[in-house]
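> Next come a sequence and a model predicted from it.
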Amino acid sequence: MDTIASLFSFITTPVSWVIVQFHSLYGMIFGPDTGWAWGLSIVSLVVLIRICLIPLFVKQIKSTRNMQVLQPKMKAIQERYKNDKQRQSEEMMKLYKETGTNPLSSCLPILAQSPFFFALYHVLSSIASGKTIGVIDQGLLDSARQAHIFGAPLAAKFMDSTDKVASLNASLTDVRVVTAIMIVMMSASQFYTQRQLMTKNVDLTVKTPYMQQQKMLMYIFPLIFAVTGVNFPVGVLVYWLTTNVWTMGQQMYVINQNPTPGSKAQDQYLQRLLKNITAHSEVRSRRKRNIVQAIVAKGPDRNDNERKFFTSLAKAGLAAQPDGTVIKSDTAAAEAESGAAARRHQPKRQTKAKRQSAATPSGTDKPAQPMDSEDAGEPAKTSLQKGEPQDTKSKPSGKPAAGSARQAKSGQRKGQQRPKHPSKK
């Protein structure tokens, strides 16, 4: 381990230096040997790292938006090659390459955190082993070994033996209870974050590899945390739990303020925006005007949520403008009402059986119902036969009836027909 730590000293030394600087700050408030001073130092390290990763998070959001823009093209590829999965995958990869979209961009923040996670793990492992590392000298090492979080030392693990935990002035029960609670919270926060993304901020009308990837991560990451968390020191669990909570809060902010087009979150956001606009008869912030302007610019390419938003605006007597503002318009309200009335009075579509029965061919031999003798002075005629006399039973001799002639023309056997059996008359 010493060899590995020396190879990665370029990252372990900066991480240990940051922890020491935060410890000196919190040590003046809570005391240098307390768990609060060392625990808050780790939490502050997480916050600092996540602030530095905000550009990567913005890139992740942009990649997600590009994936949503490509949804119609993806759906067309799926329909065209639905029986050829290999060709479908090739066309998807070609589309990603042409548009410069990477479906794995959602993993960039996690990959960028990996070096810091590795460095912190080695720092805490060195503390547990009683070895100095980075800028942590012997005095800081002794202080860190005395720090406890709810009775569990920072360097203790769930799988540690009783003797090793006793050397850190703690009990095995306290260590396992604290680590088990933190592992459960860590896994639950990760699962909730991914589930919230899948249920609220994804357009579920199209099945794409991106959605399959997110669904897979929703179950894989919590499982990884649950299995590997028993081998993490308490300090590393504090780091990872803080990271998950930060990610969950960051995801909630994005879902509420900048939802994915076509998602459930967008529908909820547009409903809140509609309520705010109708209450004040104007768009009151620049960010909201930019959103309305972007929806107006889509034109006929708007999704169902956006069309519903514009229809509700029209019913309220408001019309959105290309610059993102709204104006009062009685014409828009009248058009919305007339459109709704037209949809209400639209005749019900007939079934296929009814359409076929209505389109009966002219050669049908079914007689029509005769008219009442009081209403007409002549015998009733079948409307389909246009005044021709009704067909009668075939006679054994004589001239064949007109109906028989027509049946012969339609492909039936010509000549004298075999008489029916007397029992079938």
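Looks like it arrived, so ask away. Numbering: from 1, shown residues only.
> just the strands in the chain please.
Remark: strands assigned in the chain by DSSP state E are 148-149, 152-153, 318-320, 326-328.
> thought residue 150 was touching residue 174?
Yes. With contact defined as Cβ atoms under 8 Å, residue 150 counts as touching residue 174 (7.4 Å). From N, CA and C alone the C-beta is placed, and that goes for glycine too.
> okay, these two: which has more neighbours?
residue 174 (17 against 13; other Cβ atoms under 10 Å).
> Could you list the low-pLDDT ranges of the stretch 301-425 of the chain?
330-356, 358-425 (pLDDT under 70).
> Buried residues in stretch 186-204, which are they?
Neighbour counts over stretch 186-204 (16 or more other Cβ atoms under 10 Å) mark 186-187, 189-194, 196-197, 200-203 as buried.
> Which residues does that stretch contact?
The contact list for stretch 186-204 (Cβ atoms under 8 Å, 6 or more residues apart in numbering) reads 68, 71, 211, 214-215, 217-219, 221-223, 225-226, 229, 237, 240-241, 244-245, 247-248, 251-252, 254-255, 259-265, 268, 303.
> now stretch 229-236
For stretch 229-236, contacts defined as Cβ under 8 Å, 6+ apart pick out 38-39, 42, 117, 120-121, 124-125, 127-128, 149, 152-159, 175, 178-179, 182-183, 186-187, 237, 240.
> Show the buried residues in the residues you listed.
Buried among those (16+ other Cβ under 10 Å): 38-39, 42, 117, 120-121, 124-125, 127-128, 149, 152-158, 175, 178-179, 182-183, 186-187, 237, 240.
> Helices - which of those land there?
Per DSSP state H, helices hold the following members of the buried ones among the contacts of stretch 229-236: 38-39, 42, 117, 120-121, 124-125, 127-128, 175, 178-179, 182-183, 186-187, 237, 240.
> sorry, back to before: now intersect the contacts of stretch 186-204 with the helices, please.
Per DSSP H, the contacts of stretch 186-204 map to helices at 68, 71, 211, 214-215, 217-219, 221-223, 225-226, 237, 240-241, 244-245, 247-248, 251-252, 254-255, 264-265, 268.
> Give the ChimeraX command for selecting the buried subset of those residues.
Filtering those down to the buried ones (16+ other Cβ under 10 Å) takes a single ChimeraX command:
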select :68,71,211,214,217,218,221,222,225,237,240,241,244,245,247,248,251,254,255,264,265
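> Extract the residue ranges of the protein that are flagged as low pLDDT.
By pLDDT under 70, the weakly predicted segments of the chain are 1-8, 64-65, 67-69, 71, 103-107, 202-214, 330-356, 358-425.
> Next, count neighbours for the nearest residue to residue 30 once chain neighbours are set aside.
Closest residue to residue 30 apart from its sequence neighbours, by Cβ to Cβ, 6 or more residues apart in numbering: residue 36 at 4.1 Å. Neighbourhood size, residue 36 [other Cβ under 10 Å]: 15.
> what's the answer for residue 249, then?
12.
> try the one 10 residues further on
By other Cβ under 10 Å, the residues close to residue 259 number 20.
> Pull the contacting residues for it.
By Cβ under 8 Å, 6+ apart, the contact set of residue 259 is 200-201, 265-266, 268-269.
> Setting aside sequence neighbours, what's the nearest residue to residue 282?
Nearest non-adjacent residue to residue 282, counting by Cβ to Cβ, 6+ apart: residue 326, 6.4 Å away.
> tell me the contacts of the one you found?
277, 281-283, 292, 313, 318-320.
> Same check on residue 308?
267, 270.
> shouldn't residue 292 be in contact with residue 283?
Yes. Assessed by Cβ under 8 Å, residue 292 is found in contact with residue 283 at 5.8 Å.
> Which neighbours do these two have in common?
In terms of Cβ under 8 Å, 6+ apart, residue 292 and residue 283 are both contacted by the residues 324-326.
> now the residues you listed as CSV including distance to residue 87?
Compiled in CSV, the shared contacts of residue 292 and residue 283 are given as follows (distance: Cβ to Cβ, whole Å):
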residue, distance to residue 87
324, 42
325, 47
326, 47
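> just curious, which of those is nearest to residue 139?
For these, the minimum distance to residue 139 (Cβ to Cβ) is 60.1 Å, reached by residue 324.
> if I pick the closest one, what's in contact with it?
Contacts of residue 324 (Cβ under 8 Å, 6+ apart): 283, 288-293, 296.
> Please apply the same query to residue 266.
Residues near residue 266 by Cβ under 8 Å, 6+ apart: 259-260, 303, 305-306.
> any idea which of those is closest to residue 357?
residue 303 (39.7 Å).
> I'd like to know how many residues surround the closest one.
Residue 303 has 19 neighbours, counted by other Cβ under 10 Å.
> isn't it right up against residue 262?
Yes. Counting by Cβ under 8 Å, residue 303 touches residue 262, with 4.5 Å between them.
> Wait, residue 323 touches residue 289, no?
Yes. Contact criterion Cβ under 8 Å: residue 323 and residue 289 qualify, at 7.2 Å.
> In terms of neighbours, single out the busier of these two.
The neighbour count for residue 323 versus residue 289, taken as other Cβ under 10 Å, is higher for residue 289 (18 against 11).
> Contact partners for that one?
283, 323-325.
> Which members of these are the farthest-apart pair?
283 and 323 (9.7 Å).
> separation between residue 268 and residue 258?
In this view, residue 268 and residue 258 are 13 Å apart by Cβ to Cβ, to the nearest Å.
> Between these two, which contacts overlap?
By Cβ under 8 Å, 6+ apart, no residue touches both residue 268 and residue 258.
> Perfect, that will be all.
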